[in-house]
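A.B. asks: sharing a sequence plus its predicted fold:
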Amino acid sequence: MSAEKKSDTPVQFYQVREVHFADLIRACQLIFLPSKGISRVYADVNWEIIGIPNDVLENLKALGKEYQYSSPHVPPEIIWGKMSLETRVWFIENKDELWTIEEMFPMLDED
């Protein structure tokens, strides 16, 4: 990886780890489809109350749609490149809390 490429990723500056990106993808999948495809389960979630602004929400939904059937372990530089500036700021500020979004949907939690 070239020196230029490294500067495009937040890892060294913001203490962001791969697990944070995996948590982000899991959260995006749930934001895109809160029922996770379970029939007769409908979840109307006010994401703004949870702390996700509307401009960030649209970007997260798009990522959730794109990666809805993927493993959450997408290379961080790919995800970072698809995030808007607002989403990047929100992600860095909330990286340690992302796992809680999955815990809000216990009926869908695989663990």
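C.D. replies: Received the coordinates, thanks. Numbers count the residues shown, from 1 in each chain.
A.B. asks: thought F91 was touching L24?
C.D. replies: Yes: here F91 reaches L24: they are 6.1 Å apart, a contact under Cβ atoms under 8 Å. Quick note: C-beta positions are derived from backbone N, CA and C, even for glycine.
A.B. asks: more crowded one of these two?
C.D. replies: Neighbour totals were compared for F91 and L24, and L24 leads with 28 against 24 (other Cβ atoms under 10 Å).
A.B. asks: for that one, which non-adjacent residue is closest in space?
C.D. replies: Distances taken as Cβ to Cβ, 6 or more residues apart in numbering place L98 nearest to L24, at 5.6 Å, with adjacent residues excluded.
A.B. asks: how about the one you found, what does it touch?
C.D. replies: Counting by Cβ atoms under 8 Å, 6 or more residues apart in numbering, L98 touches 20, 23-24, 26-27, 91.
A.B. asks: swap in D96?
C.D. replies: Counted by Cβ under 8 Å, 6+ apart, D96 has contacts H20.
A.B. asks: where does it land in three-state SS?
C.D. replies: Of the three states, D96 takes coil under DSSP: H, G, I helix; E, B strand; the rest coil.
A.B. asks: can you give me the helices for the protein?
C.D. replies: 3-7, 11-14, 18-32, 47-50, 54-66, 76-82, 85-94, 99-103 (DSSP state H).
A.B. asks: now the second one: average pLDDT?
C.D. replies: Summarised as a single mean, pLDDT over helix 11-14 is 60.
A.B. asks: many thanks, have a good one.
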